[in-house]
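Peer 1: got a sequence here, can you build the structure:
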Amino acid sequence: MAKAVFLDRDGVINRAIVREGKPYPPATVEETEILPDVAEALKRLKAHGYLLIVVTNQPDVARGTTSRETVEAINAYLSASLPIDEFRTCYHDSGDGCDCRKPRPGSLLAAAALHDIDMSRSFMVGDRWRDVEAGQNAGCKTIFIDYGYCEKQPEAADCRVSSLGKAANYILEEVQ
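Peer 2: Predicted coordinates:
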């Protein structure tokens, strides 16, 4: 069976736009900035046999404040720049009741079924409580990148770090 690192997008792969202590996605491809240690971290994880799957909530599409085309253009830019195997994007808002919106595990479990992923050997890396809970709900180990946002924090994560590079270090040390 395969193993994977599931990654949130905004705040993990690219810089989130923080306003009043809360993270938001970039509004355009031009505003999208890949975080400094991301390319190297993903390259190392890929070299150790991990599938790299981005799982992202993009509720601004359902709210009508951004277009699906903009989200897909940002995903395409990141995909062309980084060794990401797949993007799984939820375009719903909280009230829509879908299974693909984190903290529900639907997107992770669908990817696991498609790629024959062993969730017990896999990790979910995110910068918000929804990411950590989605990973826990899917049976992954969880890593929380803590930026000190002014919002609900995860109750428990297997590891708390300050960057994707440090998360990759933890993952590669954990499996040794």
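
Peer 1: what's the following helix or strand after the longest strand along the chain?
Peer 2: Using DSSP state E to define each element, the chain has its longest strand at strand 50-57. Reading on from strand 50-57 to the C-terminus, the next helix or strand found by DSSP states H and E is helix 60-63.

Peer 1: give me the buried positions along that next one.
Peer 2: Buried residues in helix 60-63, defined by neighbour count with 16 or more other C-beta atoms under 10 Å: 60-62. C-betas here are computed from N, CA, C, even on glycine.

Peer 1: same deal with stretch 79-97?
Peer 2: Neighbour count says stretch 79-97 has 82, 84-85, 87-93 buried, by 16+ other C-beta under 10 Å.

Peer 1: Val29: neighbour count?
Peer 2: By the criterion of other C-beta atoms under 10 Å, Val29 has 13 neighbours.

Peer 1: which of the three states applies to it?
Peer 2: When the structure is reduced to helix, strand and coil (DSSP: H, G, I helix; E, B strand; the rest coil), Val29 reads as coil.

Peer 1: how near is it to Glu86?
Peer 2: When C-beta to C-beta, to the nearest Å is applied, the distance between Val29 and Glu86 equals 19 Å.

Peer 1: cool, and Ala39?
Peer 2: 18 Å.

Peer 1: give me the nearest residue to Ile145, chain neighbours excluded.
Peer 2: What sits nearest to Ile145 in space, not counting adjacent residues and going by C-beta to C-beta, 6 or more residues apart in numbering, is Asp127, at 4.4 Å.

Peer 1: you'd agree that neighbour is up against Tyr149?
Peer 2: Yes: under the criterion of C-beta atoms under 8 Å, Asp127 makes contact with Tyr149 at 7.4 Å.

Peer 1: settle it for me: which of those two has more neighbours?
Peer 2: In this comparison of Asp127 against Tyr149, neighbours counted by other C-beta under 10 Å, the higher total goes to Asp127 at 22 against 16.
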